[in-house]
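Trainee: Next one to model:
(one chain, ligands or ions: 2)
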Amino acid sequence: MKRVIILGATGSIGLQALEVVATGRDLTVVGLSCGRQVKTLVEQAMAFGVTELAVADEAAAAGISPGLFPEFTVRAGAGAAARLVREVEADLVLNAIVGFAGLEATVACLEQGRPLALANKESLVSGGRVVSGLAAQRGVDILPVDSEHSALYQLLGGEERAAVRSLILTASGGPFRGRSLGQLRDVGPEDALAHPTWSMGAKISIDSATLMNKGLEVIEAHHLFGVPYDQIEVVIHPQSLVHALVRLVDGALLAHLGVPDMRVPIAYALYHPERRVGAVPQLDLASASPLEFLEPDPAAFRCLELARQAGLAGDAATCALNAANEVAADAFLDGRLPFLGIPEVIERVLELTGQASPAGYSEVAALDAWARVKAREVVVEKAGFA
Ligand code: NAD
Ligand code: MG
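Mentor: Ligands and ions are numbered 1, 2, ... in the order given. Have a look, this model is predicted:
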């Protein structure tokens, strides 16, 4: 039995991971965490026989006090997920927390040299070399859960690095694919949340609409696979059937295909290095065609280029980019910022960011906090002039 801790268990990835566990064999859940959805967490804990829990929101955690649920050990507050990782023995940690909040648990997991299945791409965008350095130092192979990176991990498995010319990430293009800059001026949160091919949490859905998700994924790929930015390409592929490709120096192009269903990369990471029969249907190639591939529009979707520039500038810039993006996406979801204000906020915060790379978790956290303050100021300024 492989003992697994699932962080962010109540979210889109967490729920699908528990489905993989429930429909499969040889995996047992030994720890669960959430932000604040304690009702769901308790249901999950009971269904999977888990007693070790973590809840980030203190007030929400009061709902599972020892008086009410003596069977549970509940860690509460900021850092609760990281404490769960440190205190509970496990063979694998799946980090499916959303946003910068996932970094501390990633660091805790790597510090212990524990295998990590990583859905929380923001860990690598904010933490950059702190995370990849720790993984290298402790000899931990990070198993990507993001579908494109899971595909790349599988495609790169048998290749010499010198044979790889570039990595290609595919993007569905999100709900606004094909729209011009002018056609994005008045779009609202409901339009942005309606993703054509993937059903996901709110934050990553907004990131998919701005193409920042692909920008974050370019940075994620850089750190996961140690490939320079000029060797990471992005192509729009509306069908979402080809998840990623690898160009080789001899002209061969390897592609990874499958139905767009996150249970596939989740199961790959949970069972690695084994492969199991999945509950997901096989892709029927005859009904899948035609497959289209298009260039992204850099004028309408500026976030992609901002992310690439931040990547080239270094770890301070990618950390600030991530923080500003979280604040801006939140403000857009609350109706405090127009859609096209998102890249404007990020660009302004990047202009204010210094170059010195943060050296450890606390420096990354301090920089993230600083960038959030700046981003909130820019959001307020923009609202004032709206
Ligand atoms: P979600 O919003 O559906 O779920 C997020 C989970 O994190 C929930 O369990 C929530 O309770 C928890 N959480 C929220 N704030 C927290 C905090 N401050 N501290 C601790 N826990 C907190 O998000 P999701 O769509 O499942 O995405 C999770 C991660 O996986 C993200 O990094 C996302 O980019 C990545 N990812 C998601 C998908 C997808 O299809 N949903 C695909 C690829 C990558
Ligand atoms: Mg992805």
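Trainee: From here on, just use CA atoms for contacts and neighbour counts.
Mentor: Will do.
Trainee: Now stretch 78-91: buried residues?
Mentor: The neighbour-count check on stretch 78-91 (16 or more other CA atoms under 10 Å) flags 78-86, 90 as buried.
Trainee: Please save the CA atoms from it in PDB.
Mentor: Only the C-alpha atoms of stretch 78-91 are listed here, as PDB (Å, rounded to 0.1, in the frame of the first residue of the first chain):
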ATOM      1  CA  ALA A  78      -1.400  29.200   8.000                       C
ATOM      2  CA  GLY A  79       1.200  26.500   7.700                       C
ATOM      3  CA  ALA A  80      -1.200  23.700   8.700                       C
ATOM      4  CA  ALA A  81      -0.600  21.800   5.500                       C
ATOM      5  CA  ALA A  82       3.200  22.000   5.900                       C
ATOM      6  CA  ARG A  83       2.800  20.700   9.500                       C
ATOM      7  CA  LEU A  84       0.700  17.800   8.300                       C
ATOM      8  CA  VAL A  85       3.400  16.900   5.800                       C
ATOM      9  CA  ARG A  86       6.100  17.100   8.500                       C
ATOM     10  CA  GLU A  87       4.100  15.100  11.100                       C
ATOM     11  CA  VAL A  88       2.400  12.300   9.200                       C
ATOM     12  CA  GLU A  89       4.400   9.400   7.600                       C
ATOM     13  CA  ALA A  90       3.600   9.000   3.900                       C
ATOM     14  CA  ASP A  91       5.200   7.600   0.800                       C
END
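Trainee: Next one: it, is it in contact with ligand 1?
Mentor: No - applying CA under 6 Å from any ligand atom, one finds stretch 78-91 out of contact with ligand 1, separated by at least 6.5 Å.
Trainee: quick revisit: quick one: which of the buried residues of stretch 78-91 is nearest ligand 2?
Mentor: Nearest to ligand 2 out of these is Ala81 (CA to the ion; 23.1 Å).
Trainee: Contact residues of this structure facing ligand 2?
Mentor: Contact residues (CA under 5 Å from the ion) of the chain with ligand 2: 146-147.
Trainee: residue boundaries of the strands in the chain?
Mentor: For the chain, the strands defined by DSSP state E occupy 2-7, 27-34, 52-55, 73-76, 92-95, 116-118, 142-144, 164-171, 232-236, 242-248, 253-257.
Trainee: Columns distance to ligand 1, mean pLDDT and mean neighbour count on top of these, output as CSV?
Mentor: CSV is the format used below for the strands of the chain (distance: least, CA to the nearest ligand atom, whole Å; pLDDT from 0 to 100; neighbours: other CA atoms under 10 Å):
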stretch, distance to ligand 1, mean pLDDT, mean neighbour count
strand 2-7, 7, 98, 23
strand 27-34, 4, 98, 25
strand 52-55, 7, 98, 27
strand 73-76, 10, 98, 20
strand 92-95, 8, 98, 27
strand 116-118, 8, 98, 25
strand 142-144, 9, 98, 23
strand 164-171, 12, 98, 23
strand 232-236, 16, 98, 19
strand 242-248, 11, 98, 23
strand 253-257, 16, 98, 16
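Trainee: Any chance of JSON lines for those, columns distance to Leu367?
Mentor: Formatted as JSON lines, these follow (distance: least, CA to CA, whole Å):
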{"stretch": "strand 2-7", "distance to Leu367": "24"}
{"stretch": "strand 27-34", "distance to Leu367": "25"}
{"stretch": "strand 52-55", "distance to Leu367": "24"}
{"stretch": "strand 73-76", "distance to Leu367": "24"}
{"stretch": "strand 92-95", "distance to Leu367": "22"}
{"stretch": "strand 116-118", "distance to Leu367": "22"}
{"stretch": "strand 142-144", "distance to Leu367": "24"}
{"stretch": "strand 164-171", "distance to Leu367": "28"}
{"stretch": "strand 232-236", "distance to Leu367": "26"}
{"stretch": "strand 242-248", "distance to Leu367": "32"}
{"stretch": "strand 253-257", "distance to Leu367": "37"}
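Trainee: what sits up against the longest helix anywhere in the chain?
Mentor: Counting by DSSP state H, the longest helix found in the chain is helix 361-385. Identification of contacts with helix 361-385 by CA atoms under 8 Å, 6 or more residues apart in numbering yields 104, 107, 126-127, 130, 316, 319-320, 323-324, 327-328, 331, 336-337, 341, 345-346, 348-349, 353, 358.
Trainee: The same query, at a cut-off of 7 Å, please.
Mentor: Applying CA atoms under 7 Å, 6 or more residues apart in numbering, the contact partners of helix 361-385 are 126-127, 319-320, 323-324, 327, 336-337, 345, 349, 358.
Trainee: Quick one: the residues you listed as JSON lines, columns for pLDDT and neighbour count too.
Mentor: Listed next are the contacts of helix 361-385 as JSON lines, based on pLDDT from 0 to 100; neighbours: other CA atoms under 10 Å:
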{"residue": "Ser126", "pLDDT": "98", "neighbour count": "31"}
{"residue": "Gly127", "pLDDT": "98", "neighbour count": "31"}
{"residue": "Cys319", "pLDDT": "98", "neighbour count": "31"}
{"residue": "Ala320", "pLDDT": "98", "neighbour count": "31"}
{"residue": "Ala323", "pLDDT": "98", "neighbour count": "28"}
{"residue": "Ala324", "pLDDT": "98", "neighbour count": "32"}
{"residue": "Val327", "pLDDT": "98", "neighbour count": "21"}
{"residue": "Arg336", "pLDDT": "97", "neighbour count": "17"}
{"residue": "Leu337", "pLDDT": "97", "neighbour count": "21"}
{"residue": "Val345", "pLDDT": "98", "neighbour count": "25"}
{"residue": "Val349", "pLDDT": "98", "neighbour count": "25"}
{"residue": "Pro358", "pLDDT": "96", "neighbour count": "21"}
